[in-house]
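[1] 3D model of this:
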Amino acid sequence: ALASKQRMTEAEVEQGRAEIHNLRVEKDALNSTVSQTSTRLFTLEQESASSRVKLESLSKQFREEKQRLVNERDELRSLNVRLSGRDEQYKAAGRKRENDY
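    Numbering: from 1, shown residues only. Coordinates of the predicted model:
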């Protein structure tokens with residue numbers, strides 16, 4: 001009976017060792033997953049920071065280009081007003097000449 005109980009104890013010890021081994025394998029797998037996730041998170045944070053810098057740069061370029069176009073539009077409007085004024089002067093001068101003849 002004692003030998004039988006001792007064999008069961010040895011079987012239980014062996015089962016315990018197998019469970020410990022399986023838990024260590026599972027722990028290693030989880031640590032690997034945590035490590036991969038941490039690396040991916042770090043990479044995503046880097047990409048996010050890079051994207052934020054690119055977005056800020058593009059926003060600045062957009063604002064500068066918009067301002068340039070607004071200035072160009074205003075300049076063209078001013079030229080158009082001046083040309084319209086000259087056109088009226090030439091028409092008036094032409095009418096005056098026609099009246100002089």
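
[2] what ranges do the helices span in the protein?
    2-100 (DSSP state H).

[3] low-confidence ranges in it?
    Judged by pLDDT under 70, the chain has its weakly predicted residues at 1-2, 101.

[4] gap between the residue nearest the centre of it and residue 44?
    Nearest to the mean C-alpha position of the chain, by Cα atoms, centre = their mean, lies residue 51 at 3.5 Å. Using Cβ to Cβ, to the nearest Å, residue 51 is found at 10 Å from residue 44. Heads up, the C-betas are built off the backbone N, CA and C, glycines and all.

[5] for residue 19, which residues are in contact?
    Residues counted as contacts of residue 19 (Cβ atoms under 8 Å, 6 or more residues apart in numbering): none.

[6] and it, how close does it get to residue 31?
    Residue 19 is 18 Å from residue 31, where distance means Cβ to Cβ.

[7] repeat that for residue 24.
    According to Cβ to Cβ, residue 24 stands 10 Å off from residue 31.
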